[in-house]
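Q: sequence and predicted structure, then a few things I'm wondering about:
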Amino acid sequence: MPVMKMETPADVATLRSASLADVELEHLERMVQYVVRRTESDDVSKLDYEYWGKRLRKLAQTYDLVTTQRQRVIALLDLLEREAVYQARRTVAV
């Protein structure tokens, strides 16, 4: 997964409340777990690691996240990146 250029953070006054981010963050956590655990046979979604990384970055840019929420976002981005590298190596080895 190529490193994407981060957009400039929004003005603090325009960021949405961290309490509103929890629902979206929980959804993203479930989807990232699904994406990294899926197999070729159950891959019904064409949404890849890059898509979910973009969604996580957008969440971080539009909400005034608290420290624990930021840590969750970073952990998910790390998981996506590690899985993308693993899949790329696996594809090359085959």
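A: Happy to help now that I have it.

Q: going forward, measure contacts and count neighbours with C-alpha atoms only.
A: Fine.

Q: relative to residue 52, how far out is residue 88?
A: Using CA to CA, to the nearest Å, we find residue 88 at a distance of 17 Å from residue 52.

Q: over to residue 13?
A: Relative to residue 52, residue 13 is positioned 26 Å away (criterion: CA to CA).

Q: also residue 37?
A: 14 Å.

Q: more neighbours, residue 88 and residue 52?
A: More neighbours sit around residue 52 than around the other of residue 88 and residue 52, counting by other CA atoms under 10 Å; the figures are 19 against 12.

Q: so how far is whatever helix or strand the more buried one lives in off the chain centroid?
A: Residue 52 is located in helix 49-62, with elements delineated by DSSP states H and E. For helix 49-62, the distance between its averaged C-alpha position and the chain's averaged C-alpha position is 5 Å (CA atoms, centre = their mean, to the nearest Å).

Q: hey, C-alpha coordinates of it in PDB?
A: What follows is the C-alpha trace of helix 49-62 in PDB, where atoms were taken according to Å, rounded to 0.1, in the frame of the first residue of the first chain:
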ATOM      1  CA  TYR A  49      -6.800  -2.000   1.600                       C
ATOM      2  CA  GLU A  50      -6.300   1.400   0.000                       C
ATOM      3  CA  TYR A  51     -10.000   2.200   0.200                       C
ATOM      4  CA  TRP A  52     -10.200   1.400   3.900                       C
ATOM      5  CA  GLY A  53      -7.000   3.300   4.600                       C
ATOM      6  CA  LYS A  54      -8.600   6.400   2.900                       C
ATOM      7  CA  ARG A  55     -11.700   6.000   5.100                       C
ATOM      8  CA  LEU A  56      -9.600   5.800   8.200                       C
ATOM      9  CA  ARG A  57      -7.500   8.900   7.300                       C
ATOM     10  CA  LYS A  58     -10.700  10.800   6.400                       C
ATOM     11  CA  LEU A  59     -12.100   9.900   9.800                       C
ATOM     12  CA  ALA A  60      -9.000  11.200  11.500                       C
ATOM     13  CA  GLN A  61      -9.200  14.500   9.500                       C
ATOM     14  CA  THR A  62     -12.800  15.200  10.000                       C
END
